[in-house]
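In: turn this into a model:
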Amino acid sequence: MGRCGSAIAALAMSIGALTACGGGGDGGVGEGARPALPPTVTADAPHGERTPLPEEDRRGGDDVLRGRTIVIDPGHNGGNARAPERINRQVDIGNGRKACDTTGTATNAGYSEHAFTWDVSQRLRRLLQQRGAKVILTRSDDKGVGPCIDERAAIGNENDADAVISVHADGSSATGHGFHIIEPAPVPGVTTEEYVEESHKLALAIRDAYRAGTGMPYSNYLGREGIDRRNDLGGLNLSKVPKVFIETGNMRHAGDAAKLSNAQFRQRIAESLAEGLQKYLRG
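Out: Model prediction:
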């Protein structure tokens, strides 16, 4: 079969042997072709099982995202730490006042949350655009300051977004493990019943897709079955369009941090979030 054919056959045999042995670790795809993802092996999925995406979604999805507007809010920003006077400025959150923004957290090895959220958001944007969505990010790079939490909410409102997702990673104690979705709790005189209900539907769709696509468990330290309701976040209180936050994992937990620091796993995160948004908008 020739030198190239022999090399391809040998590679195929190596991959087959690895799969047979349960190989893998954190799988994912790069920015080019979309090969099948190997399984994720975690303490919560001892057999490395992973729920595959429906065939139509691996091809790029149906047309449910075509023409829809989705706002992605990458948490924090790379310049926040250099501008304490700006990010500590108090802004209205609908039922009180809070700092404009924060610096976010980081892994013990120094991988920052703001860099993580920017990377995942870029990956997610590409996937959504490939499926026909109009995608808007609340910040244009990872070098600036802010925007403030009230401005982040306003971007979704002004663009009449069909859905908004704010991407984060948590900084809890080292024993805290897993992910959770933060959805809005009612704020009398500020939020509407329809907004809270639609955001809950979005939260469930994102939660289910994220767990199925990444193998990450629900948080063991916050929320219930992967859902946490809060009324103290300006980004949720001030939104008029369906919006949720996702804490994709705990950067202070060794296992979670290893995954979040892995580029292939971040691609898997983006694919899972894209599937969740598509599932929500499909209705």
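In: pick out the residue closest to the middle of this structure.
Out: In the chain, the residue lying closest to the centroid (C-alpha atoms, centre = their mean) is Val167, at 4.8 Å.
In: does that one belong to a helix, a strand or coil?
Out: Look at Val167: counting by DSSP: H, G, I helix; E, B strand; the rest coil, its state is strand.
In: how much space between it and Glu197?
Out: If you measure Val167 against Glu197 using C-beta to C-beta, to the nearest Å, the figure is 23 Å. Glycine gets a C-beta too; all of them are placed from N, C-alpha and C.
In: again, but for Asn220
Out: 28 Å.
In: look at the two and report which has more neighbours.
Out: Between Asn220 and Glu197, Asn220 has the larger neighbour count (other C-beta atoms under 10 Å), namely 15 against 12.
In: where does that one fall, secondary structure wise?
Out: Here Asn220, judged by DSSP states H and E, is contained in no helix and no strand.
In: OK, contacts around it?
Out: Gly176, His177, Gly178 (C-beta atoms under 8 Å, 6 or more residues apart in numbering).
In: let's see that with 10 Å instead.
Out: Residues near Asn220 by C-beta atoms under 10 Å, 6 or more residues apart in numbering: Asp44, Ser172, Thr175, Gly176, His177, Gly178, His180, Asn250, His253.
In: surely the fourth one is in contact with Tyr218?
Out: No: in this structure Gly176 lies outside contact range of Tyr218 using C-beta atoms under 10 Å: 11.7 Å.
In: just confirm Glu183 is within a helix.
Out: No: the assignment for Glu183, made by three-state DSSP, is strand rather than a helix.
In: quick check: it vs Gly146, distance?
Out: Taking C-beta to C-beta, one finds Glu183 at 23 Å from Gly146.
In: who has more neighbours out of those two?
Out: Per other C-beta under 10 Å, whichever of Glu183 and Gly146 has more neighbours is Glu183, with 24 against 19.
In: can you name the helix or strand that the residue nearest to that one when sequence neighbours are not counted falls in?
Out: Leaving aside its sequence neighbours, Glu183 sits nearest to Ala203 (C-beta to C-beta, 6 or more residues apart in numbering; 4.0 Å). Ala203 belongs to helix 193-214 when elements are defined using DSSP H and E.
In: please apply the same query to Arg126.
Out: helix 113-130.
In: the following helix or strand past that helix: partners in the sheet, and parallel or antiparallel?
Out: Downstream of helix 113-130, the first helix or strand assigned by DSSP H and E is strand 134-137. Neighbouring strands of strand 134-137 in its sheet, by DSSP bridges, are strand 69-74 (parallel).
In: averaged pLDDT, the next helix or strand along the chain from the strand it pairs with. What do you get?
Out: Per DSSP H and E, the first helix or strand lying C-terminal to strand 69-74 is helix 84-87. Summarised as a single mean, pLDDT over helix 84-87 is 97.
In: who touches helix 84-87?
Out: Under C-beta under 10 Å, 6+ apart, the answer for helix 84-87 is 76-77, 79-81, 99-103, 145-146, 148-149.
In: what's the closest of those to Val120?
Out: Distance to Val120 across the contacts of helix 84-87 (C-beta to C-beta) is lowest for His76, with 12.5 Å.
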